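Engineer: Sequence plus predicted model, see below.
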Amino acid sequence: MLQAVDLTKQYLPGHPPSLSDLNLTVHPGEIFCLLGQNGAGKTTTINLFLGFIKPTSGRAMIHGLDVAEHPLETKKFLAYLPETVMLYPNLTGLENLDFFASLAGFRHPPDELHALLTQAGLQTDAHAKRLGTYSKGMRQKVGIAIALAKQAKVLLLDEPTSGLDPKAANEFSDLLLELSKAGTAILMATHDIFRAKEVGTHIGIMREGRLVETMPTHELTANELEAIYLQTV
């Protein structure tokens with residue numbers, strides 16, 4: 001569903017590439033967590049799959065399509081949650097969901113919109129409140145509801161649990177696990193080692209633009225993963 005093939009991005013000639021020869025595959029139902037320090041290449045990877053930037057060489061592919069060659073078609077398959085979800089603060093949760101779903105070509109009646117917000121974990125009494133009153137965790141749930149409304153097959157996440165309190169982070173992890181059970185392919189860039197161990201099916205550790213370690217999470221304890229991470233970065 002999501003694949004990088006020798007994916008490389010160099011922003012300035014003569015400078016080290018921000019991403020070098022990345023190869024990874026995320027199948028439907030898998031959650032691939034990218035760990036690494038700031039500048040390791042995690043966000044560059046996400047941006048290449050989104051088509052926000054073009055690769056210097058190699059390919060970012062979604063559903064078998066090269067993102068650089070098919071930027072509009074590949075966007076139909078994916079949803080994106082950045083560290084801060086950008087929604088309209090003067091619109092309600094329901095109105096935001098309706099608007100962004102319609103941009104993707106999906107029209108849902110009000111009862112379905114309410115059901116999607118509830119499925120994403122947003123309490124019913126918040127559906128008609130303005131986004132400006134929402135916590136970060138609540139905004140993330142609207143973002144998940146938008147992914148559900150778009151029937152996204154790929155979910156790209158960039159530090160989605162940063163700034164969330166433990167309860168909100170746990171609720172968000174539960175949502176990701178539900179999406180993976182439904183067959184969504186998820187790529188998440190994160191600093192949160194223990195959250196990655198909790199939800200990830202695979203973990204990749206990045207350093208200086210390279211994927212230096214890849215491992216299935218079921219083979220590791222949280223302490224083992226932390227030790228490998230610290231040795232690697």
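Structural biologist: Here it is on my side, so go on. Residues are numbered from 1 along each chain as shown.

Engineer: center of this structure, which residue is that?
Structural biologist: Geometric centre of the chain, nearest residue: residue 157, 1.8 Å, by CA atoms, centre = their mean.

Engineer: For it, what are phi and psi?
Structural biologist: phi -130, psi 130 (degrees, to the nearest 10).

Engineer: Find the nearest non-adjacent residue to it, please.
Structural biologist: residue 188 (4.1 Å; CB to CB, 6 or more residues apart in numbering). (Glycine included, C-beta is placed from N, CA and C.)

Engineer: quick revisit: the residue nearest to the centre of the chain touches residue 185, doesn't it?
Structural biologist: No - Residue 157 lies out of contact with residue 185 (CB atoms under 8 Å); the separation is 11.6 Å.

Engineer: just checking, what packs against the lengthiest helix in the chain?
Structural biologist: If you go by DSSP state H, the chain has its longest helix at helix 166-181. Applying 3 or more CB pairs under 8 Å, 6 or more residues apart in numbering; DSSP states H and E, we find helix 166-181 packed against strand 31-35, helix 136-149, strand 154-158, strand 185-190, helix 193-199.

Engineer: closest one to residue 221 among the ones you listed?
Structural biologist: helix 193-199 (8.0 Å; CB to CB).

Engineer: Please provide the alpha-carbon coordinates for the following helix or strand past that closest one, formatted as PDB.
Structural biologist: Toward the C-terminus, helix 193-199 is succeeded by strand 202-207 as the next helix or strand (DSSP states H and E). Taking Å, rounded to 0.1, in the frame of the first residue of the first chain, the C-alpha atoms of strand 202-207 are listed here in PDB:
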ATOM      1  CA  HIS A 202       7.300  -2.500  12.700                       C
ATOM      2  CA  ILE A 203       9.800   0.100  13.900                       C
ATOM      3  CA  GLY A 204      12.400   1.800  11.900                       C
ATOM      4  CA  ILE A 205      15.200   3.900  13.400                       C
ATOM      5  CA  MET A 206      16.600   6.800  11.400                       C
ATOM      6  CA  ARG A 207      19.800   8.600  11.700                       C
END
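
Engineer: got the angle for strand 202-207 vs strand 185-190?
Structural biologist: 40 degrees (axes from the mean of the first three to the mean of the last three CA atoms, to 10 degrees).

Engineer: mind listing what strand 202-207 pairs with, with the direction of each?
Structural biologist: Paired strands of strand 202-207, with direction, are strand 31-35 (parallel), strand 210-216 (antiparallel) (DSSP bridges).

Engineer: Can you tell me which of these is packed in deepest?
Structural biologist: strand 31-35 (a mean of 25; mean count of other CB atoms under 10 Å).

Engineer: what angle separates the following helix or strand past that one from strand 185-190?
Structural biologist: Following strand 31-35 in sequence order, the next helix or strand is helix 42-50 (DSSP H and E). Using the same axes, to 10 degrees, the direction of helix 42-50 lies 150 degrees away from that of strand 185-190.

Engineer: So which elements touch helix 42-50?
Structural biologist: strand 2-9, strand 19-26, strand 31-35, strand 57-62, strand 78-81, strand 154-158, strand 185-190.

Engineer: I'd guessed residue 60 sits against residue 69; true?
Structural biologist: No - with contacts counted by CB under 8 Å, residue 60 stays clear of residue 69, the gap being 10.2 Å.

Engineer: ok but residue 73 is inside a strand, no?
Structural biologist: No - counting by DSSP: H, G, I helix; E, B strand; the rest coil, residue 73 is not part of a strand but helix.

Engineer: Show the contacting residues for it.
Structural biologist: Taking CB atoms under 8 Å, 6 or more residues apart in numbering, we find residue 73 in contact with residue 65.
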